[in-house]
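**Q** model the structure of this input:
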Amino acid sequence: MELTASCLRCILLRHVNIFVKLNVNFVNYNVEIGLNMNHLSQNTPYYNKAYTSSKPRLLDQVRNRIRLKHYSIRTEQSYIHWIKRFIFFHNKRHPKEMGHIEVGEFLTHLAVQRKVSASTQNQALNAIVFLYHEVLGQELGEIGSFQRAKRPILQPLVLTREEVQKVLLHLQGEKKLMSGLLYGAGLRLMECLRLRVKDLDFGYEQIAVRDGKGRKGGWLRHPNRSRTAGAQGCFHDHDLHPCT
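**A** Numbering: from 1, shown residues only. Modelled structure (predicted):
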């Protein structure tokens with residue numbers, strides 16, 4: 001059955017009306033969504049500028065500053081730990097809102113309630129001072145009087161050479177080698193762990209210390225037994241880290 005011209009015209013007009021209605025509804029929907037998003041951006045914290053800022057978080061700022069000053073990884077971990085405890089002790093208040101009074105309260109809490117040692121309390125104090133001076137750029141001022149942890153009076157204990165030899169006789173392999181280097185050359189633990197084969201100079205009987213504490217380096221003399229062990233070929237890849 002053939003459609004007349006008037007029927008085709010009616011069908012086309014009906015489709016055009018449907019398309020126009022759909023387009024108008026779509027535009028109205030977009031306008032409504034836009035208004036809602038604008039409402040959210042003004043009244044909800046998820047669209048607040050403080051949440052969309054690219055500025056790093058406080059602890060990330062602390063890490064960046066510590067690494068910029070070339071402090072050791074142990075110092076970084078310790079400072080982050082004590083800064084977190086300081087913030088949580090004051091119910092997650094931002095350090096900018098606090099001052100020397102809150103710092104004194106935290107240090108007193110460590111000494112009285114937590115019963116930490118004097119060195120631990122000083123470590124916490126150093127971390128907080130670093131936070132205010134180096135990261136926040138804020139003068140902390142005089143902390144004032146706070147309860148200091150008591151230092152125990154201990155007599156210094158130093159092993160004799162015979163006692164050290166007895167200890168070393170009970171060690172074997174790489175542990176004995178490392179203990180001999182720690183005792184005989186005066187290496188720190190991390191300096192000994194980072195030693196590589198190329199750091200050993202048997203010609204001049206020296207040990208190169210690279211990237212030591214405070215990013216300092218230097219040369220140390222071989223202990224006698226370590227020199228003998230090196231001459232006998234005891235420094236293998238399983239004893240020390242290979243050159244990289």
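
**Q** contacting residues around residue 134?
**A** 65, 69 (C-beta atoms under 8 Å, 6 or more residues apart in numbering). In short, each C-beta sits where N, CA and C put it, glycine included.

**Q** tell me the secondary structure at it.
**A** Three-state assignment for residue 134 (DSSP: H, G, I helix; E, B strand; the rest coil): helix.

**Q** roughly how far does it sit from residue 55?
**A** 17 Å (C-beta to C-beta, to the nearest Å).

**Q** secondary structure element holding residue 220?
**A** Under the criterion of DSSP states H and E, residue 220 resides in strand 218-221.

**Q** I'd like the mean pLDDT over that strand, please.
**A** The pLDDT scores in strand 218-221 average 72.

**Q** pairing partners for that strand, with directions?
**A** Strand 218-221 sits in its sheet next to strand 206-209 (antiparallel), going by DSSP bridges.

**Q** run through who's touching the strand holding residue 220.
**A** Counting by C-beta under 8 Å, 6+ apart, 185, 186, 187, 201, 205, 206, 207, 208, 209, 212 sit against strand 218-221.

**Q** buried ones in it?
**A** Judged by neighbour count using 16 or more other C-beta atoms under 10 Å, the buried positions of strand 218-221 are residue 220.

**Q** same check on stretch 124-133?
**A** 124, 125, 127, 128, 130, 131, 132.

**Q** for it, which outside residues touch it?
**A** In this structure, residues lying in contact with stretch 124-133 by C-beta under 8 Å, 6+ apart are 62, 65-66, 78-79, 81-83, 85-86, 95, 103, 106-107, 110, 116, 138-140, 143.

**Q** may I have stretch 67-76 exported as PDB, CA atoms only?
**A** The C-alpha trace of stretch 67-76 is given here as PDB (Å, rounded to 0.1, in the frame of the first residue of the first chain):
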ATOM      1  CA  ARG A  67      65.500  14.100  52.800                       C
ATOM      2  CA  LEU A  68      66.500  17.500  51.500                       C
ATOM      3  CA  LYS A  69      68.800  17.900  54.600                       C
ATOM      4  CA  HIS A  70      70.200  14.300  54.000                       C
ATOM      5  CA  TYR A  71      69.200  12.900  57.300                       C
ATOM      6  CA  SER A  72      69.300   9.100  57.700                       C
ATOM      7  CA  ILE A  73      66.300   6.900  57.100                       C
ATOM      8  CA  ARG A  74      66.300   6.000  60.900                       C
ATOM      9  CA  THR A  75      66.000   9.700  61.800                       C
ATOM     10  CA  GLU A  76      63.100  10.100  59.200                       C
END
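
**Q** and that stretch, which residues are buried?
**A** By 16+ other C-beta under 10 Å, the buried positions in stretch 67-76 come out as 71, 75.

**Q** same deal with stretch 103-110?
**A** Buried residues in stretch 103-110, counting neighbours by 16+ other C-beta under 10 Å, are found at 103, 104, 106, 107, 108, 109, 110.

**Q** quick check: pLDDT value at the second one.
**A** I take that to be residue 104. Note on residue 104: pLDDT of 91.

**Q** distance check, it against residue 117.
**A** Per C-beta to C-beta, residue 104 is found 18 Å from residue 117.

**Q** how near is residue 126 to residue 103?
**A** In this view, residue 126 and residue 103 are 12 Å apart by C-beta to C-beta.

**Q** state the pair within the contacts of strand 218-221 that is farthest apart.
**A** Greatest spatial distance in the contacts of strand 218-221: 205 and 212, 19.3 Å, computed using C-beta to C-beta.

**Q** break this structure into its domains for me.
**A** Per automatic domain parsing, the structural domains of the chain span 12-50, 58-135, 161-183+194-231.

**Q** helices of this structure, start to end?
**A** Using DSSP state H, the helices of the chain run over 5-43, 49-52, 58-68, 73-89, 100-112, 118-130, 161-169, 173-185, 189-193, 224-231.
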